[in-house]
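S.K.: Sequence and predicted model, in that order:
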Amino acid sequence: MTETRTRDYGGETERERTTRNRTPETETESDESESTAAERTTTCPECGGSLVTDTEHGETVCDDCGLVVEQDSVDRGPEWRAFNSGERDSKSRVGAPTTNMMHDKGLSTNIGWQDKDAYGKSLSSRQRQKMQRLRTWNERFRTRDSKERNLKQALGEIDRMASALGLPDNVRETASVIYRRALSENLLPGRSIEGVATASLYAAARQVGNPRSLDEFTAVSRVDKMELTRTYRYVIRELGLRVQPADPESYVPRFVSRLDLSEETQRLARELLDGAKESGITSGKSPVGLAASAVYAAALLSNEKVTQSEVSAVADISEVTIRNRYKELLEASEGVAA
């Protein structure tokens, strides 16, 4: 048993005197000793080589000379073994990671809809009624106040629109974070939940680099284009979001895929857009129109059969825009080549 003694020197303890009398040289020596101890745990004491951990045998060995520095280490992994991802998922006893795409971040418990017990047997009528009451109360406790109900509805709306537009999970996660910030900073009074949710998803898609046009969002949203534009500008202004202008090249792969064109056409379309950027003709023009025109011009250069009406239907822009823009792109490309 260790006993700690403290002496009093006129109101000042011995520990305080020791701390006060520490010099910079003493502090430097202690820092050097700590760094030396850290180096010992990562380098071999014999040859100074790097140490590697063999989890299968529970040993820490030198990668250069083979010296066993530590053995019989504790394996902190699971006690079971798995040889593929399906077997690993079936044996794992942990839940899914937390996510901002759910109003409770996935931490609450759901009562299953199957009216069966742990052995797979059907429940009696009285037990089914009891489980139904428990499900009702569980659902009420998950959304206890108006903010949680608001968040649950908005995140469901974001997930629905993202699924309809084919947006990945990172866009949905970013949109959920933006909506949570808008809700916490009290930006929703006077605006619809659907409008703010759509604006959050539109901003997230542009931030992540997977943008969609306003017309595409309007087609799957429950708000009109004017309200979406107004709400989007309000949200990014109040939250201070830095959203860069959409790059026309980010639309090219999607248009090429929908039109079933070749990789050569996609490469030529990117080259045409690069030439347009160098010439400075992209300023003030719609990125969707530029991307669609570049795809049409690239298809002509690679001798692929595609009409302006087909490109117009995929990009949701007029054929007049495609005719005007693709001529400008070809002229800019010739000017850069010259």
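M.R.: Alright, I've got the coordinates.
S.K.: any low-confidence regions in this structure?
M.R.: Within the chain, the ranges that satisfy pLDDT under 70 run 1-41, 75-79, 93, 95, 335-338.
S.K.: And the contacts of stretch 67-83?
M.R.: If you take Cβ atoms under 8 Å, 6 or more residues apart in numbering as the criterion, stretch 67-83 is touched by 44-47, 51, 53, 55, 57-62, 88, 91-92. Yep, even glycine has a C-beta here, placed from its N, CA and C like the rest.
S.K.: and the end-to-end length of it?
M.R.: Stretch 67-83 has an end-to-end distance of 30 Å (Cα to Cα, to the nearest Å).
S.K.: list the buried ones in it?
M.R.: Of the residues in stretch 67-83, those buried by neighbour count under the rule 16 or more other Cβ atoms under 10 Å are residue 69.
S.K.: Quick one: residues contacting residue 152.
M.R.: Contacts for residue 152 were tallied using Cβ under 8 Å, 6+ apart; they are 103, 142, 143.
S.K.: Nearest to residue 231 among the residues you listed?
M.R.: residue 103 (20.5 Å; Cβ to Cβ).
S.K.: So the closest residue to residue 235 other than its chain neighbours, which state does it fall into?
M.R.: Excluding the flanking residues, the one nearest residue 235 by Cβ to Cβ, 6 or more residues apart in numbering is residue 199, at 4.9 Å. Secondary structure for residue 199, judged by DSSP: H, G, I helix; E, B strand; the rest coil, is helix.
S.K.: correct me, but residue 199 touches residue 238?
M.R.: No. Proximity of residue 199 to residue 238 does not meet the contact threshold set by Cβ atoms under 8 Å, at 11.0 Å.
S.K.: Which of the contacts of residue 152 has the largest number of neighbours?
M.R.: When neighbours are counted as other Cβ atoms under 10 Å, the busiest of the contacts of residue 152 turns out to be residue 103, with 21 neighbours.
S.K.: That one reaches residue 148, doesn't it?
M.R.: Yes. Look at residue 103 against residue 148 with Cβ under 8 Å: they come within range, at 5.7 Å.
S.K.: Look at residue 199 and residue 238 and report which has more neighbours.
M.R.: More neighbours surround residue 199 than the other of residue 199 and residue 238, with 29 against 13 (other Cβ under 10 Å).
S.K.: Tell me how the protein divides into domains.
M.R.: For the chain, whose domains are defined here by automatic domain parsing, the residue ranges read 146-239, 248-337.
S.K.: and those domains as CSV, adding distance to residue 83?
M.R.: Below are these laid out as CSV (distance: least, Cβ to Cβ, whole Å):
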stretch, distance to residue 83
domain 146-239, 27
domain 248-337, 35
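S.K.: how about the helices of the stretch 101-250 of the chain, start to end?
M.R.: Read by DSSP state H, counting those that start in this stretch, the stretch 101-250 of the chain holds these helices, from start to end of the chain: 125-142, 146-165, 169-184, 193-208, 214-220, 225-239.
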